[in-house]
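Q: 3D, please:
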Amino acid sequence: MSTEETPAPRSLAEALRARDDASLAALLRSRPDLITPVPTDLTQLATRAGTRASVVRALERLDRFTLQTAQALAVAPDPASYDVLLALLAGDDADPGVTAALPRAVGVLREQALVWGGTDRLRLVRTARELLAPSPQHPSATGLGPTVAEATAGMSPGRVQEIVAAAGLTSTHDAVSAVASLTALFTDRKRMAALLEGASPDSLDVLRRLVWGPPYGQVTAAPAVHLRWLLDRGLLLPTTPGTVVLPREVALHLRGGRAHRTTEPLPPGIEPVATHRPQVVDSAAAGQAYTALATVEELLKDWDEGGPVVLRAGGLSVRDLKRTAAALDVSEPVAAFWVELAYVAGLLASDGEADERYAATPAYDEWLEWPAARRWARLAEAWLTMTRTPGVIGGRDAKDRTLSTLGPGLDRSAAPEVRHRVLALLAALPEGTAPTVDSVLARLHWERPTRGPQQDREGDEDLRTRLARWTLSEAESLGVTGRGALSSQGRALLGAPAAPAKTAEPTGPGDKLPVHHHTNHTHHTDHAHHTHPAHPVPEPLSPPEQAVASAAAARLLAPLLPEPLDHVLLQADLTAVAPGPLERPLADVLGVLADVESKGGATVYRFTPGSVRRALDAGRSASDLHDFLAAHSRTPVPQPLAYLIDDVARRHGHLRIGAASAYVRCDDDAVLSEILADKRSANLRLRRLAPTVLAAQADPSALLEGLRGMGFAPAAESAEGDVLITRAHAHRTPARTAPDPVPDGPPAPDATLLSAAIRAIRAGDLASTAPRRPTETPAVDGDLPRTGPAETLATMQAAVMTGEAVWIGYVNAEGAASQRVIAPIRVEGGFVTAYDHTADEVRTYPLHRITGVAELADDQP
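A: Numbering: from 1, shown residues only. Next up, the predicted model:
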């Protein structure tokens, strides 16, 4: 590593000042919280980069080896040279993998302003060192303890001299030099090895138990001989009564110079579990996509006349979720996923009425009119970016309240990033390759080793691990993946480039090509251990880019989805078979005329007296039903079905029910006598008013249901005596917007914002660091210049004539103070018009808001 030719920076601000615009842009892109809001100058940027919240956020986004590099710097001398850092990570055996990977890790830390200084004086920012350095309250991930100097800070000088003498060193005149002498002994490999040759096996066993951490142990007031030997020579040092610690220098000697027990410079490979033909993957994914659309449609159709009641605390009750799961014929967690996805896609919401219920939104009706592929793309895009996490439903929040479907507290800001990263890892594999779940989880844990909040843990798995598992499952259910491999439409949804040309023979069950079983899986090894794929990994897309990618995914999916059919196959057992998806008008009418008996590749409908009566109640006549079936059946209408329709139609409306409380009338008094004689009518409390009229104390709807349960086919009538036609009235919410994702910190800045921010920061830095001519009342560093109104006006007028730039203090209308470098152009009417070097544009300032003005030094341009 070559040393830098420029003078070594004395602070992080100076290091940032030496960067070019591209380097500053990389910093702000990797740490977007630093420009929210835009700093006034580079000193403020450096201060903000060193705040605890910002440093914690940056450390949480480091991969395992880069974080290990930062942890090694935290236990190294401050400052440390690159060679010292390399020795801590590579150890005495100089691990070549670490040697090759360290420049990248140091580069990342430099880019993110976590490390600054030359290669001979690397410094970890103070806040990061405080967070990562070992302490009794916060042990380091390295397992190292304090240095000899830190551990002996409270020790008496006499005791320090005793340790020095017992270690075979020459006594010194002061404790500082004694500690330095002891440190030099512990860091000298040869002398340290000679010292340990005199240790007993029991003493060495104690050191072995402490060497990899935790470095603290308990001793009694009268320690055993083997412990006393270690304490006398400083190989163990007391911290508090009864507690001893293994000094850092001793541990590093015993570890062979390594700061970590296991250093991981390279990410673990993604291992394939099976390889399918791409056509098989796409077909399987398309089948899942079709099922996803059918499930969402069935969900919202079930809630068409008004869905479940909204809980007072928000969300869906457990009972309603169970009922929805039963209606969809799926498990409750799966039902919760589809409900949340429809909500995030803007297809359902609460209606906001007094008895608040969930219902479909007007956007659902518009969505139904779209082509199937476009409808799928809308769901997939909503899923990719949603922060609501159905997987946590049923868990407990920070206040120990149960998390419910559609309720509050389900947002997890990390979800979109994890979801995208999992799919990006799948996109990096050869086309048709399905990875093992464990290898995907291991890779994600290497990329982000820091664990999340405790309330988001379940067992030994942190939130990111659980999010990754849910992503793989949900992607399969949605049709983004097929048989575990990323589909073509899933790749397009990510905006990923075409898959690598490398293909493997199909190894997954169900592929049409022969399956080859291997006992030796070396044919996967090359791919599994690629650290950096030859093709680029897709980055998260902006909303306009995502819309383009979603449209491309829809175009790829469209040819794979089955075309809607305009016919069914009627069978003699009173069933109809739909061999594929039906056109919407046909499906709507058939859904009223028959009940769905089974679903799958083909849907089976069953005709029953109740379903035929439902169609008649909706206003259709028997002849209408005969014509409809004849027009849409590829087989003749079976005689049993024709008889069923005619029989129900003949009896339909023979009895009429109106409101008295309720009454029954019929032209055939024998039918009414039959009803009265039936014991099942007792609950209806009927009595005869006339030969053809019965009165009931039940309401009309209860009377209708009761008589239908007795095998009759009554029809409701209006006050005028006309038959009431009962059609299902779709209940819709007012116009609703889909819920916005809850971002994980500020969004990544685009190129335009970065350019403007860097320009403003540099201009502000120029204003704050520009040399100024001394004045009679010099300003303290950081203060605004102060001059009287007359002097301010005279200086401005002089600057207009000479064309020189001046330094001003300015307070805007909101009371915010700033300092600027301006070149006055014109002064009139109480305003000064000037070219503002800070804003890089011409601006006009009221003179009464200028706190003061000062001339710049002569050597300033």
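Q: Only C-alpha atoms from now on, for both contacts and neighbour counts.
A: Fine.
Q: Please pick out the residue of this protein most distant from its centre.
A: If you look at how far each residue of the chain sits from its centre, by C-alpha atoms, centre = their mean, the farthest one is residue 691, at 72.1 Å.
Q: pLDDT score for it?
A: If you check residue 691, the pLDDT there is 84.
Q: Residue 264 and residue 428: what is the separation?
A: Between residue 264 and residue 428 the distance, using C-alpha to C-alpha, to the nearest Å, works out to 21 Å.
Q: Looking only at neighbour counts, state which of the two leads.
A: The neighbour comparison of residue 264 against residue 428 (other C-alpha atoms under 10 Å) goes to residue 428, with 24 against 18.
Q: and residue 139, helix, strand or coil?
A: Counting by DSSP: H, G, I helix; E, B strand; the rest coil, the backbone at residue 139 sits in coil.
Q: got a list of what it touches?
A: 133, 145, 214 (C-alpha atoms under 8 Å, 6 or more residues apart in numbering).
Q: One more: residue 471?
A: Contacts of residue 471 by C-alpha under 8 Å, 6+ apart are 419, 422.
Q: Can you name the element that comes right after whichever strand or helix holds it?
A: According to DSSP states H and E, residue 471 maps onto helix 463-478. The C-terminal neighbour of helix 463-478 among helices and strands, as given by DSSP H and E, is strand 481-482.
Q: on that earlier part again, now secondary structure, distance to residue 175 and neighbour count too, for the contacts of residue 139, in a markdown table please.
A: Below are the contacts of residue 139 laid out as a markdown table (DSSP: H, G, I helix; E, B strand; the rest coil; distance: C-alpha to C-alpha, whole Å; neighbours: other C-alpha atoms under 10 Å):
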| residue | secondary structure | distance to residue 175 | neighbour count |
| --- | --- | --- | --- |
| 133 | coil | 24 | 23 |
| 145 | coil | 21 | 29 |
| 214 | coil | 27 | 18 |
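Q: follow-up on the earlier one: tell me which residues in the helix holding residue 471 are buried?
A: Neighbour-count burial for helix 463-478 flags 463-472, 474-478 (criterion: 16 or more other C-alpha atoms under 10 Å).
Q: could you dump that helix to CSV, C-alpha only?
A: Presented in CSV, the C-alpha positions along helix 463-478 are these (Å, rounded to 0.1, in the frame of the first residue of the first chain):
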residue,chain,number,x,y,z
LEU,A,463,-36.3,-10.5,11.7
ARG,A,464,-34.2,-10.4,8.6
THR,A,465,-34.0,-14.2,8.6
ARG,A,466,-37.8,-14.6,9.0
LEU,A,467,-38.4,-12.0,6.3
ALA,A,468,-36.2,-14.0,3.9
ARG,A,469,-38.2,-17.2,4.6
TRP,A,470,-41.5,-15.4,4.1
THR,A,471,-40.2,-13.9,0.9
LEU,A,472,-39.3,-17.3,-0.6
SER,A,473,-42.8,-18.6,0.3
GLU,A,474,-44.7,-15.6,-0.8
ALA,A,475,-42.8,-15.4,-4.1
GLU,A,476,-43.8,-18.9,-4.9
SER,A,477,-47.5,-18.3,-4.0
LEU,A,478,-47.6,-15.2,-6.1
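Q: chain center to that helix: distance?
A: A distance of 11 Å separates the C-alpha centroid of helix 463-478 from that of its chain, computed with C-alpha atoms, centre = their mean, to the nearest Å.
Q: try stretch 566-578
A: Averaging C-alpha positions (C-alpha atoms, centre = their mean) puts stretch 566-578 46 Å from its chain's average.
Q: Kindly report the same for stretch 796-806.
A: 54 Å.
Q: about what we covered before: which one among the buried residues of helix 463-478 gets closest to residue 45?
A: Looking at the buried residues of helix 463-478 and their distance to residue 45, the nearest is residue 464, at 30.4 Å (C-alpha to C-alpha).
Q: Pull up the gap between the closest one and residue 416, please.
A: 11 Å.
Q: Residue 555 too?
A: Counting by C-alpha to C-alpha, the gap from residue 555 to residue 416 is 24 Å.
Q: ok, those two, which is more surrounded?
A: Shown here are residue 555 and residue 416; by other C-alpha under 10 Å, residue 416 has more neighbours (24 against 16).
Q: Verify the stated contact: residue 732 with residue 359.
A: Yes - counting by C-alpha atoms under 8 Å, residue 732 touches residue 359, with 5.8 Å between them.
Q: Pull the distance from stretch 53-65 to the chain's centre.
A: That offset, for stretch 53-65, works out to 16 Å (C-alpha atoms, centre = their mean).
Q: how about it as CSV, C-alpha atoms only?
A: Presented in CSV, the C-alpha positions along stretch 53-65 are these (Å, rounded to 0.1, in the frame of the first residue of the first chain):
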residue,chain,number,x,y,z
ALA,A,53,-27.7,7.5,15.3
SER,A,54,-26.1,7.9,11.9
VAL,A,55,-23.1,5.8,12.8
VAL,A,56,-25.3,3.0,14.2
ARG,A,57,-27.3,3.1,10.9
ALA,A,58,-24.1,2.9,8.8
LEU,A,59,-22.7,0.0,10.9
GLU,A,60,-25.9,-1.9,10.6
ARG,A,61,-25.5,-1.9,6.8
LEU,A,62,-22.0,-3.3,6.6
ASP,A,63,-21.3,-6.8,5.5
ARG,A,64,-19.7,-9.2,7.9
PHE,A,65,-16.1,-8.7,6.8
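Q: all strands for the stretch 251-400 of the chain, in order.
A: For the stretch 251-400 of the chain, applying DSSP state E, counting those that start in this stretch gives strands covering 272-275, 348-350, 358-360.
Q: if I look at the closest residue to residue 561 other than its chain neighbours, how far off is residue 436?
A: Spatial nearest neighbour of residue 561, chain neighbours left out: residue 286 (6.1 Å); criterion: C-alpha to C-alpha, 6 or more residues apart in numbering. From residue 286 across to residue 436, the span is 22 Å (C-alpha to C-alpha).
Q: Of these two, give the one with the bigger neighbour count.
A: Legend: neighbour count by other C-alpha under 10 Å for residue 286 and residue 436, higher for residue 286 (28 against 14).
Q: Helices of the stretch 451-600 of the chain, start to end?
A: 463-478, 488-494, 525-528, 543-557, 584-593 (DSSP state H, counting those that start in this stretch).
Q: Quick check: which of those helices is nearest to residue 651?
A: Per C-alpha to C-alpha, nearest to residue 651 of those: helix 584-593, 16.7 Å.
Q: Show residues contacting the closest one.
A: By C-alpha under 8 Å, 6+ apart, the list of residues contacting helix 584-593 reads 566-567, 607, 611-612, 614-615.
Q: Report the secondary structure state of the nearest residue in space to residue 834 that is not next to it in sequence.
A: Distances taken as C-alpha to C-alpha, 6+ apart put residue 824 closest to residue 834, at 4.0 Å, once the chain neighbours are dropped. Using three-state DSSP, the structure places residue 824 in strand.
Q: Roughly how far does residue 824 sit from residue 844?
A: Residue 824 sits at a distance of 9 Å from residue 844 (criterion: C-alpha to C-alpha).
Q: isn't residue 164 right up against residue 174?
A: No - Residue 164 lies out of contact with residue 174 (C-alpha under 8 Å); the separation is 11.5 Å.
Q: Residue 191 and residue 183: what is the separation?
A: Counting by C-alpha to C-alpha, the gap from residue 191 to residue 183 is 12 Å.
Q: Looking at these two, which one has more neighbours?
A: residue 183 (19 against 12).
Q: Now for that one: which residues touch it?
A: The contact partners of residue 183, by C-alpha under 8 Å, 6+ apart, come to 148-149, 249.
Q: what stretches of this protein score poorly on pLDDT?
A: 1-6, 450-460, 498-538, 601, 653-661, 719-730, 770-783, 838, 857-861 (pLDDT under 70).
Q: what about the longest helix in it?
A: Scanning the chain for the helix with the most residues, using DSSP state H, yields helix 278-302.
Q: chain center to that one, what's the gap?
A: 24 Å.
Q: who's in contact with that helix?
A: For helix 278-302, contacts defined as C-alpha under 8 Å, 6+ apart pick out 324, 327-328, 338-339, 342, 348, 359-360, 372, 375-376, 431-432, 476-483, 485-489, 511, 557, 560-561.
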